[in-house]
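Undergrad: sequence and computational prediction follow.
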Amino acid sequence: MRYHACAVNLKVNTRIVVKLIAVQSQPGVRQVRDLFWWSKGDRVPVLDFLLGLEGRDLTRVVALLDSVRAQDLPRHNKEKYNKIHGYENLHELKSHHVRLLFFEEGRRLVFTEAFVKDKRYTEPGYLDRADCRRKEYLRVSVQEERNK
């Protein structure tokens with residue numbers, strides 16, 4: 001299992017990949033956070049979701065990720081950020097109706113789930129899946145540390 005810092009190795013629409021990579025490689029901008037995408041094998045679910053976005057949704061999400069990377073989390077802005085209660089270290093970035101779930105590990109933000117919110121509440125399946133991926137990431141990280 002690998003955790004991608006960007007989408008360089010993915011065979012996808014290059015226009016969108018360039019935008020996503022640009023979020024992480026702008027020269028002259030101090031990087032506060034490292035953005036990672038949870039993956040298993042060749043699947044990178046959050047990037048797969050982002051690659052399906054178009055127009056304003058894509059532009060808004062890329063701008064939000066760029067802001068987080070350069071300036072840190074907008075914890076004070078409830079329209080852009082939410083701590084998910086009832087789950088350990090699970091957070092939500094919000095861009096209009098697009099939601100990105102992630103957890104923090106030091107300077108890293110590891111994105112584990114993304115979806116379009118079309119109801120007043122977030123369906124538990126998304127939260128449970130994000131939490132399972134977080135636990136798997138931590139389990140694998142511990143195993144890799146022991147093997148060093």
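TA: Thanks, I have the structure now. Numbering: from 1, shown residues only.

Undergrad: okay, now the unreliable bits of the protein?
TA: Within the chain, the ranges that satisfy pLDDT under 70 run 1-32.

Undergrad: surely residue 112 forms part of a strand?
TA: Yes - applying DSSP: H, G, I helix; E, B strand; the rest coil, one finds residue 112 inside a strand.

Undergrad: do I have it right that it meets residue 38?
TA: Yes - the pair residue 112 / residue 38 is scored as a contact, 4.5 Å apart, by C-beta atoms under 8 Å. All C-beta atoms are positioned from the backbone trio N, CA, C, and that covers glycine.

Undergrad: who touches both of the two?
TA: Counting by C-beta atoms under 8 Å, 6 or more residues apart in numbering, the common neighbours of residue 112 and residue 38 are 45, 46, 133, 137.

Undergrad: now the residues you listed in TSV, with neighbour count, distance to residue 85 and secondary structure?
TA: Shown next, in TSV, are the shared contacts of residue 112 and residue 38 (neighbours: other C-beta atoms under 10 Å; distance: C-beta to C-beta, whole Å; DSSP: H, G, I helix; E, B strand; the rest coil):
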residue	neighbour count	distance to residue 85	secondary structure
45	19	23	helix
46	24	22	helix
133	22	19	helix
137	21	21	helix
